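Engineer: Could you work out the structure for the sequence below:
(chains A and B)
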Amino acid sequence: MRGLIAALVLVATPAWAEPVRIGSKNFTESYLLAEIAAQHLEARGIEVVRQFGLGGTKICFDALRASEIDLYPEYTGTIAAAILGDTTLTDVTPPLAAQGLATYAPPGFNNTYVLALRKEVAESRGLTKISDLVGETGIDAALSHEFRARNDGWPALSTHYGLTLGSRGIEHGLAYEALASGGADLTDAYSTDGELSGADLVLLDDDRAFFPRYDAVWLARTTLAPDVVAALAELEGRIDEATMQALNARAALDGEGIATVAASFLATTGLADADTPVPSRFWSRLAENTARHIQLTLAALLLAGVVGVSLALVLQPFARAASALLYVCGLLQTIPSIALLALMIPLVGIGVVPAVIALFLYALLPIVRATLTAINAIEPVYLTVADALGMTASERRRHVLVPLAMPHIIAGLRTAAVIAIGTATLAAFIGAGGLGQPIVTGLALNDTGLILEGAVPAALLAIVTDLVFDLLERRLVPPHLRSA
Amino acid sequence: MSDAAPTAQLEDVDVILGGNHILHRVRLTLPAGCVTAVIGASGSGKSTLLRLLNGLVTPQAGTVYRHGQSLTPERLRDVRRDTGYAMQQIGLLPHLSIADNIALPLRLAGRDADAIADRLTSLLDAMQLSPELAARYPAAASGGQQQRAGLARALALEPELLLLDEAFSGLDAITRLATHQQFLALRGTEIKSALLVTHDLDEAARLADRLVILNAGRIVREGPRDDVLADPRDPYAIELVEAFQCAG
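Structural biologist: Numbering: from 1, shown residues only, chains lettered A, B, ... in the order given. Here you go, the predicted structure:
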């Protein structure tokens, strides 16, 4: 199954030279670092593919291990605690090397966790360091979901300091607004967060040294080409904490585009010509995303067409088996798409393959239902003719059942195609790319333009697909048998 | 002609469909080279009798013989390809042109393209169908043209036995007469042995050598046409023949 999908995807993939695939997580700093690397590599004549906005540490790391991406920005503390599961590790190199991975060229800043407390609460209670929280009650701690779950997160911190404070989960992007509006008192933050610079917050001192260092590094496959490694080395030590915080603030607070902020940073370092305008990659990105989107939906649709029509044809004579098939397909349809995509990760990893499988499963119902309905509606006289002509079961399918069911099968495929085009936008969450990519990024960066960059072409694609099916019907179905 | 082995035989055949006893102990021989007509009211079981001969209906008791051998599931495919079948609803496949419909049995039999083209030409000629018409879809042809095309499809593989199930019933009187004449013209060439089922004794008398009168699932009179018409014997057969002679 997996091989077949890979083959289908390969068939639909134009042969390019091997570009460097850069990943990022779905928060501002990760996008920025990845974009800085991407622009710098491009300036050095290296072709890159941006796989930004992958949904979290696990998905990024799985993607790297599965060779879906070649590198992404990561933090040493996260590698030790969240990936390798050992907070005491001082040297992460040997365990990474065992997986064919390595870290490269630290950009030069430590983005550690900090606890940020509302200034009003801090001053009224006289709190300046984490140990001051011991014994405190009535402080509303709203923490990011990942921090509450990580080995090096809240549970271990509470044990380390002996805290008894309760906590609740919140999206990291919403935490600052919650604190600013008094909706929460305490949150976890990254020390380079742009929001920290202006807000009425007190950063509590980690006085008993709980948090390890979170030095930014490039986590990459050891197969990285020498020219890529050399280009990354040129970025080493260029970004200190204040710089990163300022860049984050420009992107997250001032609404400057990621590409613009990255380009202006590269210009200040002298690595890029200051006069060079930000290269607009709009069209190439659009083409790339659209091509991938078509690839995903086409592979899933071909697969679902062949499997769905065959299953329906084979099981149709057996009423019970046919209704069981319909039932299973209907059941698959009820699984929320984002959940189905997530369920695929432990089974087949991330990227194109799980996305195609999920899209394939969604496409089955309309195709199977249309085929079964159409065959059941065939006038008995044609079945009598097939018998009287001495047709075998396969001749009967080929000469009678499929051609007579064709208008309905095409209608089923058309429905499946439109569903697949819509659902495929969600595939970006598991790193499969496509037109969901700008949508996911736009959501993470609160950028309406980016969201439209995915949503508009996806809608156009659905319209074009509809026209393609019109043509298909015109070719395959004689005029008097067409559905509408 | 009657010396040759019979084309088909039914031996003490009973058919029960959906709990209804359709045919009772039917015995019938179709001599080679003969056209036999089965006449009866609707519901008398005449279509069921016809469908026994190409295995579309399986008897609950008794035996169907084709070519002197009983009709077993293994022989079904071969027997069906040696049996033309045309019916009132015709059943030309709507997605194929008339020519492709007629050629379908030839394609299924694996004939090569040249052989198919030759046979198609002679069938169209025999059925007086023009190549222009043959290029059309069935939906664009008249009822009579469709019926002739259905007959051409039934005859495509030069079957030993042709089965006609009310094949002319849906046609208007003029077209019907023309089709009858065509049928008679093809006897001995395209049409070898035939069994036709009709509720119309007039049609049966015009087309058949032998008549079989069926009443409520039983054969009540059977024999050469002129014998049966002259001496119907059975009360139902007498009634049927009298009605026919009044009309005639």
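Engineer: what sits against the residue lying farthest from the centre of chain A?
Structural biologist: Here the centre of chain A is the reference, and by C-alpha atoms, centre = their mean the most remote residue is residue A:388, at 56.0 Å. Contact analysis of residue A:388 by C-beta atoms under 8 Å, 6 or more residues apart in numbering or on different chains lists B:54, B:56, B:80, B:83, B:85. (Glycine included, C-beta is placed from N, CA and C.)
Engineer: Mind doing that once more with 6 Å?
Structural biologist: Residues in contact with residue A:388 (C-beta atoms under 6 Å, 6 or more residues apart in numbering or on different chains) are B:54, B:85.
Engineer: low-confidence ranges in chain B?
Structural biologist: Counting by pLDDT under 70, chain B contains low-confidence ranges at B:1-3, B:248.
Engineer: can you give me the strands in it?
Structural biologist: Secondary structure of chain B (DSSP state E): strands located at B:8-17, B:20-30, B:35-39, B:61-66, B:69-70, B:83-87, B:161-165, B:193-198, B:210-215, B:218-224.
Engineer: how about CSV for the ones you listed, with distance to residue B:48 added?
Structural biologist: As requested, the strands of chain B are exported to CSV (distance: least, C-beta to C-beta, whole Å):
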stretch, distance to residue B:48
strand B:8-17, 5
strand B:20-30, 5
strand B:35-39, 10
strand B:61-66, 12
strand B:69-70, 18
strand B:83-87, 13
strand B:161-165, 10
strand B:193-198, 9
strand B:210-215, 10
strand B:218-224, 13
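Engineer: For residue A:473, find the nearest of those strands.
Structural biologist: Ranking those by proximity to residue A:473 (C-beta to C-beta) places strand B:83-87 first, at 30.7 Å.
Engineer: can you count the residues close to residue A:225?
Structural biologist: For residue A:225, the number of neighbouring residues by other C-beta atoms under 10 Å in any protein chain shown comes to 12.
Engineer: do residue A:181 as well
Structural biologist: Residues lying near residue A:181 (other C-beta under 10 Å) number 8.
Engineer: give the contact list for it.
Structural biologist: Residue A:181 touches nothing, counting by C-beta under 6 Å, 6+ apart.
Engineer: what does chain A put close to chain B?
Structural biologist: A:381-382, A:385, A:387-390, A:403, A:478, A:480-481 (C-beta under 6 Å from any C-beta of the partner chain).
Engineer: at 8 Å what do you get?
Structural biologist: Within chain A, the residues that sit near chain B (C-beta under 8 Å from any C-beta of the partner chain) are A:381-382, A:384-385, A:387-392, A:395, A:399-400, A:403-404, A:406, A:477-478, A:480-481.
Engineer: Make a PyMOL selection of the buried ones in those residues.
Structural biologist: Selection of buried members from these for PyMOL, criterion 16 or more other C-beta atoms under 10 Å in any protein chain shown:
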select buried, chain A and resi 382+384+385+387+388+389+390+391+399+400+403+404+406+477+478+481
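Engineer: Just the residues of chain A next to chain B: which are in helices?
Structural biologist: A:381-382, A:384-385, A:387-388, A:395, A:403-404, A:406 (DSSP state H).
Engineer: Pick out the most distant pair among these.
Structural biologist: Farthest pair in these, by C-beta to C-beta: A:388 and A:406, 22.4 Å.
Engineer: Any figure for the gap between the residue lying closest to residue A:205 once chain neighbours are set aside and chain B?
Structural biologist: Excluding the flanking residues, the one nearest residue A:205 by C-beta to C-beta, 6 or more residues apart in numbering or on different chains is residue A:129, at 3.9 Å. Distance, residue A:129 to chain B, using C-beta to the nearest C-beta, to the nearest Å: 81 Å.
Engineer: among the strands of chain B, which is nearest chain A?
Structural biologist: Counting by C-beta to the nearest C-beta, chain A lies closest to strand B:83-87 out of the strands of chain B; the figure is 3.9 Å.
Engineer: Identify the residue nearest the residue in chain B that chain A sits nearest to in space, chain neighbours excluded?
Structural biologist: Closest to chain A within chain B is residue B:80: 3.4 Å, counting by C-beta to the nearest C-beta. Leaving out its chain neighbours, the residue that sits closest to residue B:80 by C-beta to C-beta, 6+ apart is residue A:390, at 3.4 Å.
Engineer: Now do the contacts for that neighbour.
Structural biologist: By C-beta under 8 Å, 6+ apart, the residues touching residue A:390 are B:76-81, B:108.
Engineer: repeat that with 7 Å
Structural biologist: Neighbour list for residue A:390: B:77, B:80-81 [criterion: C-beta atoms under 7 Å, 6 or more residues apart in numbering or on different chains].
Engineer: same question, residue B:138
Structural biologist: Listed by C-beta under 7 Å, 6+ apart, the contact partners of residue B:138 are B:92, B:94, B:98, B:101, B:146, B:149.
Engineer: Leaving out the residues flanking it, which one is nearest to it?
Structural biologist: residue B:92 (3.9 Å).
Engineer: just checking, the one you found touches residue B:150?
Structural biologist: Yes. Counting by C-beta atoms under 7 Å, residue B:150 is a contact partner of residue B:92 at 6.1 Å.
Engineer: Compare these two (neighbour count), which wins?
Structural biologist: Between residue B:92 and residue B:150, counting by other C-beta under 10 Å, residue B:150 is the more crowded of the two (27 against 24).
Engineer: Next up, the contacts around that one.
Structural biologist: B:86, B:90, B:92.
Engineer: cutoff 6 Å now
Structural biologist: Counting by C-beta under 6 Å, 6+ apart, residue B:150 has contacts B:86, B:90.
Engineer: and what of residue A:167?
Structural biologist: A:141, A:143, A:154.
Engineer: mind checking the backbone torsions on it?
Structural biologist: Backbone torsions for residue A:167, taken as degrees, to the nearest 10, come to phi -150, psi 160.
Engineer: Relative to residue A:156, how far out is it?
Structural biologist: 13 Å (C-beta to C-beta, to the nearest Å).
Engineer: Which stretches in chain B count as helices?
Structural biologist: Taking DSSP H as the criterion, chain B carries its helices at B:46-52, B:76-81, B:98-108, B:113-126, B:131-134, B:143-155, B:173-186, B:201-207, B:225-230, B:235-247.
Engineer: for the stretch 351-484 of chain A, that is, sorry about that
Structural biologist: A:352-376, A:380-388, A:393-396, A:402-423, A:436-445, A:448-476 (DSSP state H, counting those that start in this stretch).
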